[in-house]
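Colleague: Fold the following for me, if possible:
(one chain, ligands or ions: 1)
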Amino acid sequence: MKSNGANELLALERVSAGYGESVVLENVSLTLNEGDSLALLGRNGVGKSTLLLTMMGLTRQHQGSVRWRGKDITRVATYRRAHAGLGWVPQERLMYPSLSVEEHLTVVARPGEWDLKKIYEVFPRLQERRNNMGNQLSGGEQQMLAIARALMINPRLLLLDEPMEGLAPIIVQELLGVIKRLVTDSGMTVIVVEQHARMALGLTKRAIVLDRGQIVHDSDSQALLDDGEKLDRLVAVA
Ligand SMILES: Nc1ncnc2c1ncn2[C@@H]1O[C@H](COP(=O)(O)OP(=O)(O)OP(=O)(O)O)[C@@H](O)[C@H]1O
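Modeller: Next comes the predicted model:
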């Protein structure tokens, strides 16, 4: 199928994907335009991370197609997707113990508005820790570094996989501020996977909910926030 508009960034069409023979995502179709911010919600194990992994080309795709800026990338390797502008912040953060904070940032740098100066403005803590090694950081600092590293490739789309997981409330507030700034001030296109549904809905314009590998809800984030009963039914949050 053809691209449906000049500002379409990513489109999945009837995608089924999983690991080996097992199929986790079934028949998922989703279009994301430049400047969109999307909360990807759902209970544990419904396939949220698998959907991000599929966008990055890290699952086994059984059916369907993935299009990036009008081109079919279904069979394109992960590193080429990253070069093309897909910035992924995995749940595991993946720091290198033998690289300093600054080295983590400079090794992946690509030209664009995000450079060390801008990163250190947004994450002053990383500037303070710039000579610390990857294994000498708190969980919150690691998460900031993971996001900063993805920004250094100057992505067109940022995929955040549970960025607040396991972090102290004060760090969550700090990170929330940063992500809000990315979305509202920089107009960055983002997908945020988050267990804290209300937090994610407060950050984004649009929300989808997955259940057992399928999209079961797609609406404005505000509309879902306003319908607490429905939200609780869909994601069972407090
Ligand atoms: N590497 C893998 N190999 C095989 N199965 C996997 C792998 N990773 C995830 N799965 C399975 O795929 C399904 C979806 O997992 P996924 O991590 O995408 O869910 P999720 O919605 O992100 O959950 P969570 O919120 O717990 O991270 C689960 O049944 C999980 O066990």
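Colleague: Show me what the helix or strand of the chain with the lowest mean pLDDT is packed against.
Modeller: Lowest mean confidence among the helices and strands of the chain (mean pLDDT, DSSP states H and E): helix 169-184, at a mean of 89. In terms of contact count using 3 or more C-beta pairs under 8 Å, 6 or more residues apart in numbering; DSSP states H and E, helix 169-184 is assigned the packing partners helix 139-152, strand 189-193, helix 197-203. The C-beta positions use only the backbone N, C-alpha and C, and glycine is treated the same way.
Colleague: In TSV: the ones you listed, plus mean pLDDT and distance to Asp115.
Modeller: As requested, these are arranged in TSV below (pLDDT from 0 to 100; distance: least, C-beta to C-beta, whole Å):
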stretch	mean pLDDT	distance to Asp115
helix 139-152	92	8
strand 189-193	96	20
helix 197-203	92	25
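Colleague: Helix or strand for the residue nearest the centre of the chain, just tell me which one.
Modeller: The residue lying closest to the centre of the chain (C-alpha atoms, centre = their mean) is Leu159, at 1.7 Å. Using DSSP states H and E, Leu159 sits in strand 157-161.
Colleague: Of all the helices and strands packed on helix 169-184, which one comes closest to Thr31?
Modeller: Nearest to Thr31, of all those, is strand 189-193, at 12.0 Å by C-beta to C-beta.
Colleague: Show me the strands in this structure, by range?
Modeller: Assigned by DSSP state E, the chain shows strands spanning 8-19, 22-33, 37-41, 60-68, 71-72, 86-89, 157-161, 189-193, 206-211, 214-220.
Colleague: can you redo those strands as JSON lines with distance to the ligand?
Modeller: What follows is the strands of the chain, written out as JSON lines (distance: least, C-beta to the nearest ligand atom, whole Å):
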{"stretch": "strand 8-19", "distance to the ligand": "3"}
{"stretch": "strand 22-33", "distance to the ligand": "4"}
{"stretch": "strand 37-41", "distance to the ligand": "9"}
{"stretch": "strand 60-68", "distance to the ligand": "10"}
{"stretch": "strand 71-72", "distance to the ligand": "24"}
{"stretch": "strand 86-89", "distance to the ligand": "14"}
{"stretch": "strand 157-161", "distance to the ligand": "7"}
{"stretch": "strand 189-193", "distance to the ligand": "6"}
{"stretch": "strand 206-211", "distance to the ligand": "7"}
{"stretch": "strand 214-220", "distance to the ligand": "12"}
